[in-house]
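>>> Sequence and computational prediction follow.
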Amino acid sequence: MLNSSPRLFLPHKTRARLRQACGLLLLATAAGHAAAQQPSVAKAYEPGFSFLRNDMSYDVRSDGTYTFERSESIRLNNDQGVRQNSQIPLSYSTSLQELEVLEAYTTTKDGRRIDVSSDKILLQQSPQSAGAPMFDDAKVKTVVFPATEVGAVLTLRWRTTQRTPLFPGAFSMSQTFSRTSDIQSSKVTLRAPESLDLHTDAVGLEGGKVASDQPGIQMWRWTLNNAPAHAPEAGAVSTYDFSPHVSATTFADYGAAGKAYLERARPKAEVTPAIRKLADELTKGIEDRRTQAQALYQWVSKDVRYVAIFLGAGGVVPHEAETIAQIKYGDCKDHVTLLEALLAAKGIKSSPVLVNLGAVYALPKVAVTPGAFNHAITYLPEFDLFVDSTARIAPFGVLPLVERGKPALITDDGHGVAKVVTLPPSSVAHDTVRVDTELSIDAEGGMEGKSKVVATGLFELLNRQVAALMPKGTEPQVASRMLLLTGQSGTGTYVLGDTRDLSSAFSYSTQFTLANQIQQPGPGALTIPAGLGSFSSIRSTVDELAAQPRRDFPAVVASGRHEEITVLTLPEAIKVKTLPKPLSLESPVGHYESSYAQDGNTLTVRRVLEVNLPAPVADPDTYQKLRALGTTVSRDLRTQLFY
């Protein structure tokens with residue numbers, strides 16, 4: 001279940017960024033090669049737990065405050081379910097909310113009820129706020145259940161009272177019933193004064209507006225019953241995008257929601273004398289306005305620590321820009337506010353942009369805010385540019401993959417209008433990587449090699465992110481591990497640039513030695529090895545595309561261009577009999593070409609893969625086209641040279 005109630009189901013923002021940074025390096029590559037090499041055995045999917053009952057109710061007041069109550073009973077189906085649910089965290093904002101655990105107990109397999117004692121309901125500061133004294137608002141009540149085992153049923157009932165609305169006089173809620181969850185019975189009830197103009201949107205649920213059980217109150221009720229779990233799919237979009245869900249809000253449209261956010265946030269971006277002085281110091285000697293904006297962005301990115309607090313925790317109001325500049329840390333909306341103030345000090349306009357940092361690529365039809373969004377970035381209308389200083393090492397104007405092509409709410413487009421836009425997607429024109437590799441064969445049949453990797457856009461950011469995760473001195477260990485994961489035996493190292501230097505493009509090189517690559521003097525066959533090239537290579541990309549035979553849910557796929565040129569120097573004794581034929585493949589989802597050329601004892605292999613989609617989401621039919629492309633490319637990568 002994904003929802004906007006206190007229980008957290010979405011992954012943490014920082015964890016999402018970590019997956020984007022190193023997933024292609026370790027997880028995707030290993031999984032792709034394993035999937036290509038090992039036959040799969042189909043088994044029926046068994047979720048960790050089942051919702052036997054999951055009832056929620058909202059009682060809204062005319063000022064936008066409300067009481068939310070949830071009662072759930074879940075059966076633990078396997079050991080994974082036991083690990084996931086033996087203790088359940090409930091988070092809330094102490095300045096805005098009260099949270100009460102009304103009932104919590106375990107029903108054992110033999111029918112015994114064991115209540116959770118009061119000392120097993122633990123109050124803790126959230127991990128995010130613990131790392132930053134200013135952010136002491138988010139708290140977590142963790143309910144520790146007794147006698148958890150397979151077959152036990154956990155019952156939990158709690159109430160959240162929203163004492164202060166996030167936006168004055170406004171109310172929003174959203175609930176998602178994930179298709180990867182086993183739901184036997186679930187119900188959502190919403191009550192509000194008749195004077196309150198509510199806008200609702202329900203997909204895949206039974207019900208709607210019903211006769212009220214209280215005078216002067218309007219009421220809605222939605223239900224979902226007997227919805228078995230579908231196995232989750234790696235790389236799929238958020239379950240919100242394809243699952244039953246319901247939303248309700250008092251905002252007439254997203255324009256009104258954006259205006260409400262800006263009214264609360266913009267006063268915090270005041271240009272004080274200290275802010276003006278700082279902006280002047282950071283742009284000293286710079287006359288070009290875009291270069292000034294870049295200098296200010298780079299300072300906020302590098303010098304202001306990002307504290308990952310979800311939009312909404314502690315409210316939607318940022319701290320004052322001057323305060324953030326002094327303490328040098330803040331959450332996303334603080335980053336946006338400080339950058340806005342610094343830019344304004346130089347006469348450059350900017351505004352906050354709200355976006356979802358998870359795998360959500362669809363917005364509710366009604367303007368649920370901040371429920372539809374959990375992150376803030378910056379828009380500069382003068383340059384028609386989006387930037388995210390919380391990414392820390394993203395070059396100016398380069399957005400992380402988790403934001404590309406998503407719907408977002410600009411709170412001010414430069415003309416005082418708030419509107420929903422689509423953030424720039426990845427593309428073959430702006431997101432590229434080129435790898436130039438030189439290989440030579442030694443007397444024992446091994447290879448010595450070196451590669452130079454140059455990237456732009458998304459791939460440059462990916463390179464920076466992975467390199468930043470590599471502690472100095474561990475480069476040879478990471479290189480050996482990477483070679484092992486790609487089915488190669490050898491040693492190597494990475495020669496990395498400064499990931500924090502955002503003033504120039506980031507590139508890196510590698511050196512490596514591969515063992516037992518060729519039988520001498522022959523005859524034999526040689527496959528061009530992958531070596532130690534890009535963190536995102538043609539091989540890892542097509543392994544991902546071809547990993548699953550089919551999909552039922554849309555998948556997230558990044559567009560971009562990979563070019564890999566390998567120059568192999570052969571010993572005089574080895575003569576290649578026949579060069580492989582060149583290949584050129586056009587597909588509705590991209591393009592691939594390979595060519596082979598020989599000059600004396602030097603062989604040059606060039607391969608280019610372009611994945612070209614209009615949006616970052618591929619539906620199941622589009623995925624089949626991608627898989628067909630990936631399968632053909634994967635076969636070509638295994639082409640052998642006979643000698």
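Perfect, I can see it now.
>>> what's the pLDDT at Gly600?
We have a pLDDT of 89 for Gly600.
>>> What distance do you get for it to Glu438?
15 Å (Cβ to Cβ, to the nearest Å). Using the backbone N, CA and C atoms, a C-beta is placed for each residue, glycine as well.
>>> Count the neighbours of the residue nearest to Ser243 when sequence neighbours are not counted for me.
Excluding its sequence neighbours, the residue lying closest to Ser243 (Cβ to Cβ, 6 or more residues apart in numbering) is Arg179, at 4.6 Å. The number of residues packed near Arg179 is 19, by other Cβ atoms under 10 Å.
>>> which residue ranges form the strands in the stretch 501-643 of the chain?
507-514, 525-527, 555-556, 560-569, 583-587, 590-599, 602-611, 617-618, 640-642 (DSSP state E, counting those that start in this stretch).
>>> so which of those strands comes closest to Gly258?
Gly258 lies closest to strand 617-618 among those, at 23.6 Å (Cβ to Cβ).
>>> helices or strands up against the closest one?
Judged by 3 or more Cβ pairs under 8 Å, 6 or more residues apart in numbering; DSSP states H and E, strand 617-618 is in contact with strand 555-556.
>>> how far does the strand it packs on sit from the chain's center?
Between the centre of strand 555-556 and the centre of its chain there are 11 Å (Cα atoms, centre = their mean, to the nearest Å).
>>> which secondary structure elements does that strand contact?
On a contact count with 3+ Cβ pairs under 8 Å, 6+ apart, strand 555-556 meets strand 617-618.
>>> who's in contact with the strand it packs on?
With contact meaning Cβ atoms under 8 Å, 6 or more residues apart in numbering, strand 617-618 is reached by 237, 241, 361, 405, 554-557, 589, 626.
>>> now it: how far from the chain's centre is it?
With Cα atoms, centre = their mean, you get 15 Å for strand 617-618.
>>> Same question for stretch 143-159.
In terms of Cα atoms, centre = their mean, the centre of stretch 143-159 is found 30 Å from the chain centre.
>>> what do you get for stretch 481-501?
24 Å.
>>> before we move on, back to that, confidence score at the residue nearest to Ser243?
At Arg179, pLDDT is 96.
>>> That one touches Ala229, doesn't it?
Yes: counting by Cβ atoms under 8 Å, Arg179 touches Ala229, with 7.4 Å between them.
>>> close enough to count as contact, Thr604 and Tyr596?
Yes: if you go by Cβ under 8 Å, Thr604 and Tyr596 touch, sitting 7.4 Å apart.
>>> And for the longest helix along the chain, what's in contact with it?
For the chain, the helix that runs over the most residues, judged by DSSP state H, is helix 620-637. The contact list for helix 620-637, computed with Cβ under 8 Å, 6+ apart, reads 36, 538-539, 541-546, 548-555, 557, 583, 585, 587-590, 592, 594, 607, 609, 611, 613, 618.
>>> number of nearby residues for Gln548?
Neighbour count for Gln548, taken as other Cβ under 10 Å: 15.
>>> no, scratch that, I was asking about Ser426
Burial of Ser426 is recorded as 24 neighbouring residues (other Cβ under 10 Å).
>>> Any figure for the gap between it and Lys577?
41 Å.
>>> Over to Arg290?
56 Å.
>>> the more surrounded of the two?
Applying other Cβ under 10 Å to Arg290 and Lys577 shows that Arg290 carries more neighbours, namely 15 against 10.
>>> who touches that one in this structure?
By Cβ under 8 Å, 6+ apart, the contact set of Arg290 is Phe383.
>>> mind checking how far it is from Asp63?
Going from Arg290 to Asp63 by Cβ to Cβ gives 44 Å.
>>> what separates stretch 169-176 from the chain centre, distance-wise?
23 Å.
>>> Which positions in it come out as buried?
Using 16 or more other Cβ atoms under 10 Å as the test for burial, stretch 169-176 gives 170-176.
>>> and these, which of them are in strands?
172-176 (DSSP state E).
>>> Out of the residues you listed, which comes closest to Ser186?
Among those, Gln175 lies closest to Ser186 (Cβ to Cβ), at 8.8 Å.
>>> so the closest one bridges to which residues?
Taking DSSP bridges, one obtains Asn3, Val246 as the residues bridged to Gln175.
>>> From Asp55, how far out is it?
As for Gln175, its distance to Asp55 is 11 Å (criterion: Cβ to Cβ).
>>> Need the overlap of contacts for the two.
Joint contacts of Gln175 and Asp55 (Cβ under 8 Å, 6+ apart) are Val188.
>>> thinking again about what came up before, among the contacts of strand 617-618, give me the pair with the biggest separation.
Of all pairs in the contacts of strand 617-618, the most separated under Cβ to Cβ is Asp241 and Val589 at 19.7 Å.
>>> Same drill for these two, tell me which one is more crowded.
Taking other Cβ under 10 Å, Asp241 and Val589 do not tie; Val589 has more neighbours (22 against 16).
>>> who touches that one in this structure?
611-613, 618, 622, 625-626, 629.
>>> Quick check: the gap between the residue lying closest to it once chain neighbours are set aside and Ala234.
With Cβ to Cβ, 6+ apart as the criterion, Val589 has its nearest non-adjacent residue at 4.7 Å, and that residue is Lys625. Lys625 sits 19 Å away from Ala234, going by Cβ to Cβ.
>>> Could you do Asp436 as well?
Distance from Asp436 to Ala234, by Cβ to Cβ: 32 Å.
>>> Give me the more crowded residue out of these two.
Set Asp436 next to Ala234 and count neighbours by other Cβ under 10 Å: Asp436 wins out with 16 against 13.
>>> how far out from the middle of the chain is the strand or helix carrying the more buried one?
Taking DSSP states H and E as the definition, Asp436 sits inside strand 432-441. Here the centre of strand 432-441 is set off from its chain's centre by 30 Å, with Cα atoms, centre = their mean.
>>> before we move on, what about stretch 43-57?
Using Cα atoms, centre = their mean, the offset of stretch 43-57 from its chain centre is 25 Å.
>>> go on, stretch 420-430?
Counting by Cα atoms, centre = their mean, stretch 420-430 is centred 16 Å from the centre of its parent chain.
>>> Any buried residues in it, and which?
Neighbour-count burial for stretch 420-430, with 16+ other Cβ under 10 Å as criterion, is recorded at 420, 423-428, 430.
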